[in-house]
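[1] here are the coordinates; sequence isn't available:
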């Protein structure tokens, strides 16, 4: 009897071919455009969680891949995001000084 493993998650484009090449059967569907951004956000959380657990640089590559796909959906370029990053860097600085804010008295 064949065993089924349920994933119910967004996977990379070549995964169906890899499953077939492994003489396995899978069930898939393509997300409608409207749902895809939400599923990418879920995937971003998943990949971030995996990185936090493992500290594996491959998870950072997965985070970047999801991020780049989100840019496509939002019709943004990497240059658009880099310009926003540079603006925030100029206004607020980066994180290289490793400052941890404990409290502010008002």
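    Great, that's in hand. Just so we're clear, the structure is a prediction, and the values are computed from it rather than from any experiment. Residues are numbered from 1 along each chain as shown.
[2] so what pLDDT did residue 31 get?
    pLDDT, residue 31: 87.
[3] got the phi and psi for residue 86?
    Phi and psi for residue 86, reported as degrees, to the nearest 10, are phi -60, psi -40.
[4] for it, what are its contacts?
    Taking Cβ atoms under 8 Å, 6 or more residues apart in numbering, we find residue 86 in contact with no residue. All C-beta spots, glycine's among them, are computed from the backbone N, C-alpha and C.
[5] again, but for residue 39
    Residue 39 touches 10, 31, counting by Cβ under 8 Å, 6+ apart.
[6] likewise for residue 80?
    Residues in contact with residue 80 (Cβ under 8 Å, 6+ apart) are residue 71.
[7] could you redo the last one with a cut-off of 10 Å?
    Residues near residue 80 by Cβ atoms under 10 Å, 6 or more residues apart in numbering: 71, 74.
[8] buried set for the one helix or strand it maps to?
    Residue 80 is part of helix 78-92 when elements are defined by DSSP states H and E. For helix 78-92, a neighbour-count test (16 or more other Cβ atoms under 10 Å) marks nothing as buried.
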